[in-house]
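Engineer: Give the three-dimensional model of this entry:
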Amino acid sequence: MPNRGKATRSLRACAAIAAIAAMGLTASSAQALPGKFWGVIPQATPTLEQLQRLKRGGVDSIRVPVVWSGIQQAPNGPMDFSGVDREFEAATIAGLEILPGLSGVPSWAVPQIFVPGSHQSIKAPRNLPASAAAGRAWSAFVRAAVERYGPGGAFWTSHPSLPQRPPRTWQIWNEPNFEYFVARPNPVEYGKLVKLSFSAARAVDSGAKLVLGGLFAHPLEAGLKRKPPLAYIASDFLNRMYAGVPGIKSKFQGVALHPYTGSYQRLTPYIEELRAVLKANHDAGKGLWITELGWSSQRPTAGNSFAKGPAGQKAQLEGAFRLLRSKQRLWRIQRVYWFSIDDQPNTCNFCLGSGLFSDGFVPKPAWPAYVRFAGGTP
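Structural biologist: Got it, this is the predicted structure:
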């Protein structure tokens, strides 16, 4: 008859070893992710206290919009970065990495027109500021932004008490394949904008890197037979940019995707078709940034596939994050940004419920789920 006490001790020892091994496996899996992997996007300007809570929850990075149309009101006029300064200051104090997104164009540089199909309710720039006087003005804006927030920039020298965390990566535009951000999307024109931006940023910071504006994976408008097109599928837009803009490959260091879908299970084909374009253009080494991803906690309705209810929003986040974490190395994913921190009405068909927090910064069920992946404290 075996010694029950000795056998129990042996079982306990084996269990302890297994637990340690499991902890090591979890730690090594977490370490395998790139640094600053988990990000968020605000809709309203978050307070310092809110940013600090996000940091405690494991959030690494925040995407900050740097919108030209709100910064320079007249041709050759002064650029007022004071609003962006406040966001940089709070995020830096909270210990968050900043991904600046350069976008927007003043109407004095490019006319605004009604977006086709919006029933004259939404305006967007007629085209991108990629040539002639508008292109030169855009380049000046990019240089000014990098001069202010890049290494040794005016923002940092005027805030000597802040830890020096200048961004080295800049995102150029937002959803350039979709008519709500440029009324006449044009992949060749966008490629020219990227080339202008690269030259302007590198003139200030020789180590600056560019990430493409997040491409909307499959906008419904891409299926409409309109000329010029209202939108492009992300992979088609990227392929056309490669084909139409010689030398573009060396002008950006990452590709960004906004794989919005009714179910996280559609993420795999959306991402793999984009990676196939990179491979076909001999550029498979480029990293992928998911700079927007999200679902709404609003009550599900027939006309809104993004609305899942609070429990459904949590389930979609968990499924998406689990998939993206497991495929990170295969898909070369560098960052994942949840859209959004907070709810905001009257901006998009799911923005009212897309936040991890509701009014009063009350956490939804999706927030502790996010925290479990990010390794923080709710």
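
Engineer: Against residue 358, how distant is the closest residue to residue 346 other than its chain neighbours?
Structural biologist: Closest residue in space to residue 346, ignoring its immediate chain neighbours: residue 352 at 7.9 Å, by Cβ to Cβ, 6 or more residues apart in numbering. Bear in mind the C-beta positions are built from the backbone N, C-alpha and C, glycine included. In this view, residue 352 and residue 358 are 10 Å apart by Cβ to Cβ, to the nearest Å.

Engineer: Now residue 39: phi and psi?
Structural biologist: phi -130, psi 170 (degrees, to the nearest 10).

Engineer: Number of residues surrounding it?
Structural biologist: Residue 39 is flanked by 26 other residues according to other Cβ atoms under 10 Å.

Engineer: again, but for residue 198
Structural biologist: 21.

Engineer: Touching, it and residue 252? I think so.
Structural biologist: Yes: between residue 198 and residue 252 there is a contact at 6.9 Å, judged by Cβ atoms under 8 Å.

Engineer: who touches both of those two?
Structural biologist: Common neighbours of residue 198 and residue 252, counting by Cβ atoms under 8 Å, 6 or more residues apart in numbering, are residue 210.

Engineer: Quick check: the residue nearest to residue 346 is in a strand.
Structural biologist: No: counting by DSSP: H, G, I helix; E, B strand; the rest coil, residue 352 falls outside a strand, being helix.

Engineer: And it, how far from residue 194?
Structural biologist: For residue 352 relative to residue 194 (Cβ to Cβ), the value is 33 Å.

Engineer: Which of these two has more residues huddled nearby?
Structural biologist: Between residue 352 and residue 194, counted using other Cβ under 10 Å, the more crowded position is residue 194 (23 against 18).

Engineer: that older thread, which residues are common contacts for residue 352 and residue 358?
Structural biologist: The contact lists of residue 352 and residue 358 share residue 343, where a contact means Cβ under 8 Å, 6+ apart.

Engineer: give me phi/psi at residue 254?
Structural biologist: phi -160, psi 150.

Engineer: which residues pair with it across the strands?
Structural biologist: Counting by DSSP bridges, residue 254 is bridged to residue 211, residue 287.

Engineer: How about residue 63?
Structural biologist: The partner residues for residue 63, given DSSP bridges, come to residue 99.

Engineer: who are the neighbours in contact with it?
Structural biologist: Residue 63 touches 39-41, 98-99, 101, 171, 291, 337, counting by Cβ under 8 Å, 6+ apart.

Engineer: The same query, at a cut-off of 10 Å, please.
Structural biologist: 39-42, 97-101, 171, 174, 214, 289, 291-292, 335, 337, 339-340 (Cβ atoms under 10 Å, 6 or more residues apart in numbering).

Engineer: before we move on, what about residue 307?
Structural biologist: 262, 295-301, 313, 349-350, 352-354.

Engineer: Quickly note the distance from it to residue 227.
Structural biologist: 33 Å.
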